[in-house]
Every structure is written in C-alpha cells, then in structure tokens.
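**Student:** prediction below, plus the sequence it came from.
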Amino acid sequence: MSDAATITEELRRTEALYPIPAWDEERRKKRLWVLRPIKPGGVGLEAGVFRGCFSQYICEIAQPRKLYLFDTWRLSGETFGWGREYTCFGKLETAVARRETELRVSLFPDVDSVIIEGFSPACADQIEEALDWAYLDTTHQYRETLLELEHLEQMIAPGGLILGDDWAPDPNSPHHIAYRAVHDFVGRGHWETIKAGPGHQWALRRSA
Ligand SMILES: C[S@@+](CC[C@H](N)C(=O)[O-])C[C@H]1O[C@@H](n2cnc3c(N)ncnc32)[C@H](O)[C@@H]1O
C-alpha cells in the first residue's frame, strides 16, 4: 500500500461518494472504552468490520501486533441490502467497504492486518494461532451469536477477552436477542462480564 497521503486521498473520494453519517462516528466514539482493557502487542480479531472505521480505532487504541478482520463483504452481494443511512440507502458497495478497510488498516504499518472475506464462524478455520482477544459485531442474531461465541471460546488464549457491540438488556430493543446470546453464554460459567452498558458495549474475560 502506498503512503498515508495517497491512502487518505482515496478514502476522501470514497467517503464523498458514500458519506459516513455523523451520528455513526459519534456513536463510535462512545464505544471506544471497550478497547481499553486490551493489552498492546496482542493478536486480535474484529468479526464484522463493514468499512473498517472501528478497525482504525482498534489499531490506534489496542495496538495489536496482528489483527484478523472477518466480514462477508462481496460474498453477501454487490451491496449490503440493509441499514438505511448507514449503507447510504443500499448504495454502498460491499467491494468499496472492503477496500476502505484495506486502506484504513494500512495506515498502521506496525499492525499485521489479515483480511478474511468469509462467513463467521466458519471462516475461523483460517486462523491457526490463539487469539488474545476478539471484538464481535456481526449478525446480532441469537443462534449465530451464540455459535460465534462458542467458536471464540476455543480460539482465545487463557486470560483472553471477548468484546462486542449491541448490549441491549431492554426487551423492546431490536438488538435484545444478541444481548440474550451473550447473557446465556456468560450463564454457562466460563466467562465473566468485566463491564457492559456504556455505548452498548460489553467485555468478557475467561474465568474458567
Ligand atoms: C454493524 S457492521 C460492523 C461494524 C463495525 N464493527 C464498526 O464498528 O464499524 C456488521 C458487519 O458484519 C458483517 N457480517 C454480518 N454477518 C456476518 C458473518 N456471518 N460473518 C462475517 N461478517 C458478517 C456485515 O457484512 C457488516 O459489514
């Protein structure tokens, strides 16, 4: 990848074509606390990456040595087909979101970024080393989230962390089902909640 000015210029062009809503960036800033417990220099995973905006904060704050990035991107079709303003009313191309991710993480040459275009958790078989932490932000469905958490449990080293988005204890929230999956996973007794709530984030540490 070329130098930072060239990368920034390409991102400026794609963001002009496909604007990132101001509320999305505001919300992202409220989510950053969840990255603070991560020790720098580890091996991490972001599952559900979209345009790589949070990945950029992960590189800045968590400073991983290696960062795996899972998203279905083009495997889901040419466009996302959901998300209203978030996906520019269906116009944002999945290839552009992937390209933006490549650009954003390449601004951090000290991070060895590995982009894996695939369906989580099946694509996890492409990772052959233990992870120190993972950030989960994919389907927000019950069965799928529970399955991903079960896979992550096998992939994370002792003392490792699982973090994620959409902590929604309110049963009326559209994301409540993802919350239930995390809640039920913790209820099995092998992970404890370090902190959950602010910015709808949650952070778990292996307890057994
Ligand atoms: C909410 S967005 C992720 C946002 C990103 N973490 C951020 O904070 O900017 C969810 C992403 O998950 C991806 N996704 C949904 N189901 C997936 C699956 N089973 N495997 C991998 N990616 C998936 C979607 O393509 C989408 O880009």
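**Tutor:** Ah, there it is. Numbers count the residues shown, from 1 in each chain.
**Student:** for the chain, which residues are neighbours of the ligand?
**Tutor:** Listed as neighbours of the ligand in the chain under the rule C-beta under 6 Å from any ligand atom: 48-50, 53-54, 70-72, 76, 119-120, 137-139. Yep, even glycine has a C-beta here, placed from its N, CA and C like the rest.
**Student:** which strand residues bridge the residue positioned nearest the centre of the chain?
**Tutor:** Centrality entry for the chain: nearest residue to the mean C-alpha point is Glu46, 3.8 Å, by C-alpha atoms, centre = their mean. In this entry, Glu46 is beta-bridged to Leu69, Tyr135, by DSSP bridges.
**Student:** for Cys53, see how far away it is.
**Tutor:** Computed as C-beta to C-beta, to the nearest Å, the Glu46 to Cys53 distance reads 11 Å.
**Student:** low-confidence ranges in the protein?
**Tutor:** Low-confidence segments of the chain, defined by pLDDT under 70: 1-2.
**Student:** quick one: Tyr57 from Thr94, how far?
**Tutor:** Distance, Tyr57 to Thr94, by C-beta to C-beta: 21 Å.
**Student:** settle it for me: which of the two has more neighbours?
**Tutor:** Thr94 (21 against 16; other C-beta atoms under 10 Å).
**Student:** other residues contacting the longest strand anywhere in the chain?
**Tutor:** Across the chain, the longest stretch assigned as strand under DSSP state E is strand 156-164. Contact with strand 156-164 is made by 34-35, 37-38, 130-137, 149, 152-153, 178, 182, 191, 194, 201-206, as judged by C-beta atoms under 8 Å, 6 or more residues apart in numbering.
**Student:** what about the helices in this protein?
**Tutor:** 4-17, 22-31, 53-57, 94-106, 142-155, 176-187 (DSSP state H).
**Student:** still on that earlier bit, strand partners (parallel or antiparallel) of the longest strand of the chain?
**Tutor:** Strand 156-164 has these strand partners (DSSP bridges): strand 131-136 (parallel), strand 202-206 (antiparallel).
**Student:** isn't Thr87 right next to Phe80, touching?
**Tutor:** Yes - Thr87 is within contact range of Phe80, at 4.3 Å (criterion: C-beta atoms under 8 Å).
**Student:** now restrict the contacts of strand 156-164 to buried residues only.
**Tutor:** 34-35, 38, 131-137, 149, 152-153, 178, 182, 191, 201-205 (16 or more other C-beta atoms under 10 Å).
**Student:** now render the residues of the chain next to the ligand as TSV, adding distance to Gly160.
**Tutor:** Putting the residues of the chain next to the ligand into TSV (distance: C-beta to C-beta, whole Å) gives the following:
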residue	distance to Gly160
Gly48	18
Val49	20
Phe50	24
Cys53	24
Phe54	19
Phe70	17
Asp71	22
Thr72	24
Ser76	29
Phe119	23
Ser120	17
Asp137	17
Thr138	19
Thr139	22
